[in-house]
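# got a sequence here, can you build the structure:
(one chain, ligands or ions: 2)
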Amino acid sequence: MTQITLALSKGRIFEETLPLLAAAGIVPEENPESSRKLIIGTNRPDVRLIIVRASDVPTYVQHGAADLGVAGKDVLMEHGGEGLYQPIDLNIAKCRMMVATPVGFDYEAAVRRGSRLRVATKYVQTARLHFAAKGVHVDLIKLYGSMELAPLVGLSDVIVDLVSTGGTLKANNLVAVEDICAISSRLVVNQAALKLKHGLVQPIIETFRSAVKAD
Ligand code: PRT
Ligand code: MG
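Residues are numbered from 1 along each chain as shown. Ligands and ions are numbered 1, 2, ... in the order given. Take a look at the predicted model:
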């Protein structure tokens, strides 16, 4: 029997993908929040889920270890999207990619002066492109999380991070000073699987497409 594997991350992406799965008649047998299993069966014997880190989803799909996956645009911009077909913006796990600074830091003035900016971020490719397009020279400092801390302890002048409610910035006395782009999650599909498992993959793409909620 042909089987397809869908890569998801725990948390908001899993939660917000559940209704789309349900529309395709797919119900996971376990909840990854409570189960420690990394391979989760579904009510459909021809569909299984794997639970991976959000930033690893494109890698599993690119190499065909998963046929499909759901990944944030932030993650896809860093990965590059090589070998991935990205048929649908699922309009879930939405937020914005932004530049933020400590309250009181005059970002506009620093940019106007042509100062070299120290930028701490997990999103180095995105940050590199953004500041290059503005003609701002930057020293990029790669972090793996808690970017909000960096400017508070003098590691950087600014951060590039995702913002949804803005609560984390506020709690750390930071303020968003520039919008880079809107972020939402995409369905990603392995290009070979699209051909070789077309009969299983294409109906899922079509069902997801019609189940996507507009704003
Ligand atoms: O958490 P982990 O390190 O395992 O990985 P991850 O952060 O990459 O994964 P996860 O599951 O937290 O996020 C998965 C995807 O959700 C991301 O790739 C984004 O596309 C999307 N998403 C949507 C977000 C947010 N909203 C978001 N607010 N991802 C992260 N955040 C973080 C943000 O980085 C910041 O630290 O939440 C904090 C800000 O939130 P507010 O509400 O205080 O503004
Ligand atoms: Mg996270």
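# can you list contacts of stretch 190-197?
For stretch 190-197, contacts defined as Cβ atoms under 8 Å, 6 or more residues apart in numbering pick out 2, 4, 61-62, 64, 66-68, 83-85, 201-202. To be clear about C-beta, it is placed using only N, CA and C from the backbone, and glycine gets the same treatment.
# drop anything exposed from those.
Neighbour counting over the contacts of stretch 190-197 (16 or more other Cβ atoms under 10 Å) leaves I4, V61, Q62, A66, D67, L68, G83, L84, Y85, V201 as the buried ones.
# so what's the first one up against?
Put plainly, it is I4. D46, V47, R48, D67, L68, A193, K197, L200, V201, I204.
# which one of those residues sits closest to ligand 1?
L68 (16.6 Å; Cβ to the nearest ligand atom).
# contact partners for the closest one?
L68 neighbours (Cβ under 8 Å, 6+ apart): I4, T5, L6, A7, V61, L187, V188, V189, N190, A193, V201, I204.
# and if we set it to 6 Å?
L6, V189 (Cβ atoms under 6 Å, 6 or more residues apart in numbering).
# quick check on it: phi, psi?
When read as degrees, to the nearest 10, the backbone of L68 gives phi -140, psi 160.
# with H198 instead?
Torsion angles, degrees, to the nearest 10, at H198: phi -50, psi -40.
# count of residues packed around I141?
16 (other Cβ atoms under 10 Å).
# now do the same for it: helix, strand or coil?
At I141 the chain is in strand, as set by DSSP: H, G, I helix; E, B strand; the rest coil.
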